[in-house]
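S.K.: Generate coordinates for the sequence data below:
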Amino acid sequence: PKELITTFVVADNCTDNTAEIARKHGAICYERFDNEHKTKGFALQYLLEKIGEDYGRMSFEGYFIFDADNILDKDFIKNMEKSINEGYDIGIGYRNTKNSNTLVSASSALTFSMINTMLNERKNKYHNNLTISGTGYYIKGSIVEEWNSFPFHSLTEDYELTLYAILNNLTTTYNKKAIFYDEQPDNFNISLKQRTRWVKGYFEARKKYINKISKSEI
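M.R.: Numbering: from 1, shown residues only. Model prediction:
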């Protein structure tokens with residue numbers, strides 16, 4: 001039921017009318033302006049802290065994380081609810097593409113098909129920790145309450161969260177029936193810039209967590 005779902009938007013350093021449009025369609029929107037801390041992780045930290053101040057974090061059973069350009073299948077939340085009810089700390093949906101009309105966008109889409117099928121679906125079969133990829137996932141409300149924020153601020157906050165989940169034994173699941181659609185870059189230079197950022201974030205996150213994981217008893 002729609003009354004059980006609350007939509008929050010963080011309009012992060014926006015120079016357009018994102019906040020106005022979000023509010024017009026019933027979302028609760030917070031506007032953030034910070035030219036020093038620009039990563040998505042800082043935006044999520046700001047948003048979750050605001051939600052905690054205004055509503056109390058335990059008012060919500062879980063938090064779905066989406067990018068502004070995502071489109072959800074009509075049964076996305078219905079299907080993901082099954083994973084929530086099974087008690088998983090983090091649930092990851094099936095990342096499909098909105099656009100694959102150029103070689104660049106099609107190649108980018110294949111990357112996520114590989115993560116969906118060759119990584120997460122196989123790992124899920126053997127109950128291994130999954131790879132969180134950008135968007136289209138939920139985090140259980142009690143986990144967010146423990147954090148009291150969103151403590152992942154690298155250029156790849158999703159991969160940092162993946163490593164954190166491994167280190168802290170958070171349970172993860174892949175729900176391929178929970179489908180959402182993500183927009184891919186159709187320009188080579190934009191794609192190269194994006195992937196260069198991902199590589200930097202990958203090594204940034206590994207530097208922070210990999211030694212801790214290696215020394216743990218996992």
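S.K.: Helix or strand with the lowest mean pLDDT in this protein?
M.R.: Here the helix or strand of the chain ranked lowest by mean pLDDT, DSSP states H and E is helix 103-114, holding a mean of 89.
S.K.: what sits up against it?
M.R.: Contacts with helix 103-114, where a contact means C-beta atoms under 8 Å, 6 or more residues apart in numbering, come from 95-97, 99-100, 133, 182, 184-188, 191. Placement of C-beta: from N, CA and C, glycine included.
S.K.: Give me the helices and strands touching the next helix or strand along the chain from that helix, please.
M.R.: Per DSSP states H and E, the first helix or strand lying C-terminal to helix 103-114 is helix 122-125. Here helix 122-125 is seen to pack against strand 172-182 when contacts are counted using 3 or more C-beta pairs under 8 Å, 6 or more residues apart in numbering; DSSP states H and E.
S.K.: Report the buried residues of the strand it packs on.
M.R.: Within strand 172-182, the residues that count as buried by 16 or more other C-beta atoms under 10 Å are Thr172, Thr173, Tyr174, Asn175, Ala178, Ile179, Phe180, Tyr181, Asp182.
S.K.: Could you give me the buried positions within stretch 142-156?
M.R.: Ile143, Val144, Ser149, Phe150, Phe152, His153, Ser154, Leu155, Thr156.
S.K.: So which of those sits lowest on pLDDT?
M.R.: Lowest-confidence member of the buried residues of stretch 142-156: Ser149, scoring 86 (pLDDT).
S.K.: That one and Gln45 touch, don't they?
M.R.: Yes: under the criterion of C-beta atoms under 8 Å, Ser149 is in contact with Gln45, at a separation of 5.0 Å.
S.K.: joint contacts of the two?
M.R.: Counting by C-beta under 8 Å, 6+ apart, nothing touches both Ser149 and Gln45.
S.K.: Output stretch 176-185 as CSV - backbone C-alpha positions only.
M.R.: Once non-C-alpha atoms are left out, stretch 176-185 reads as follows in CSV (Å, rounded to 0.1, in the frame of the first residue of the first chain):
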residue,chain,number,x,y,z
LYS,A,176,16.2,-11.1,-9.7
LYS,A,177,12.4,-10.6,-9.8
ALA,A,178,12.9,-7.1,-8.3
ILE,A,179,13.7,-5.3,-11.6
PHE,A,180,14.7,-1.7,-12.0
TYR,A,181,16.0,0.3,-15.0
ASP,A,182,19.1,2.4,-14.9
GLU,A,183,20.4,4.9,-17.5
GLN,A,184,23.7,4.3,-19.2
PRO,A,185,26.1,6.9,-20.6
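S.K.: Tell me the spacing between the residue positioned nearest the centre of the chain and Ser216.
M.R.: Within the chain, the residue whose C-alpha comes closest to the C-alpha centroid is Thr135; the distance, by C-alpha atoms, centre = their mean, is 3.1 Å. Between Thr135 and Ser216 the distance is 28 Å, computed by C-beta to C-beta, to the nearest Å.
S.K.: show me where this protein has helices.
M.R.: Along the chain, counting by DSSP state H, helices occupy 18-24, 40-55, 76-85, 103-114, 122-125, 141-147, 157-167, 188-215.
S.K.: Out of the buried residues of strand 172-182, which is nearest to Glu3?
M.R.: Comparing the buried residues of strand 172-182 against Glu3 with C-beta to C-beta places Ala178 closest, at 20.9 Å.
S.K.: Sounds good, over and out.
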